[in-house]
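Trainee: When you get a sec, could you give me coordinates for this:
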Amino acid sequence: MKVQLHIDEKFSEEKIIIEAPVLSDSVQQLLTFAQHIGKNKTIRAKKEEEIYLLNSTEIQRVYTENRQVWAETATGNYLLGLPLYQVLELLPADFLQISQSEIINTKQIDHLKLTGSGLIQITLKNGLITYSSRRYLKAIKEKLQL
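Mentor: Numbers count the residues shown, from 1 in each chain. From the prediction side, this is the model:
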């Protein structure tokens, strides 16, 4: 893959152009990375009656429970006021949706195990065990390069 950089004062804005004969996995990864540059590094959340700005690097996973969306960190669980799909759009590229109700921080993964039923058992660094759904297997394998 060739990389070119052009710096010139005549440019009024930053722009990334990707040229490829086909949309390969590496081109898709580059595109995803470029689309997430500048995404929010913090996300607004509530714990009891207090509002916090959570740094995305602190978030281990985001999940839905009882029709509410929660962010789990080492210091506890925080209520997010957005639907899961909107939270995913706000988070940087390190986050991966593994089921209809859960997003995980890939930097918080300790290890993976393929189950007999074809699902992936994901163990996070905090010891929590979660499972992917079949619907997201392809995306998980691509993102984690399995």
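
Trainee: Can you name the residues that contact the residue nearest to Gln60 when sequence neighbours are not counted?
Mentor: What sits nearest to Gln60 in space, not counting adjacent residues and going by Cβ to Cβ, 6 or more residues apart in numbering, is Gln108, at 4.5 Å. Just so you know, the C-beta spots here come from the backbone N, C-alpha and C atoms, and that holds for glycine as well. Counting by Cβ atoms under 8 Å, 6 or more residues apart in numbering, Gln108 touches 60-61, 124-126.

Trainee: go again using 7 Å as the cut-off
Mentor: With contact set as Cβ atoms under 7 Å, 6 or more residues apart in numbering, Gln108 has these partners: 60, 124-125.

Trainee: Any chance of the backbone angles for it?
Mentor: phi -100, psi 0 (degrees, to the nearest 10).

Trainee: Ranking helices and strands of this structure by mean pLDDT, which lands last?
Mentor: helix 25-36 (a mean of 80; mean pLDDT, DSSP states H and E).

Trainee: helices or strands next to the helix or strand just after it in the packing?
Mentor: Next in sequence after helix 25-36, counting helices and strands by DSSP states H and E, comes strand 42-47. Counting contacts by 3 or more Cβ pairs under 7 Å, 6 or more residues apart in numbering; DSSP states H and E, strand 42-47 packs against strand 50-55, strand 76-80.

Trainee: Which one of the ones you listed lies nearest to Thr115?
Mentor: Nearest to Thr115 among the helices and strands packed on strand 42-47 is strand 76-80 (26.1 Å), distances taken as Cβ to Cβ.

Trainee: got the contact list for that closest one?
Mentor: With Cβ under 7 Å, 6+ apart as the criterion, strand 76-80 contacts 43, 45-47, 52, 54, 62, 68-71, 87.

Trainee: Give me the most central residue, this structure.
Mentor: Phe95 (1.3 Å; Cα atoms, centre = their mean).

Trainee: Might you report the residue contacts of that one?
Mentor: Neighbouring residues of Phe95 by Cβ under 7 Å, 6+ apart: 88, 103-106.

Trainee: again, but for Ala20
Mentor: Residues in contact with Ala20 (Cβ under 7 Å, 6+ apart) are Val27.

Trainee: Can you report how many residues lie near Trp70?
Mentor: By other Cβ atoms under 10 Å, 16 other residues sit near Trp70.
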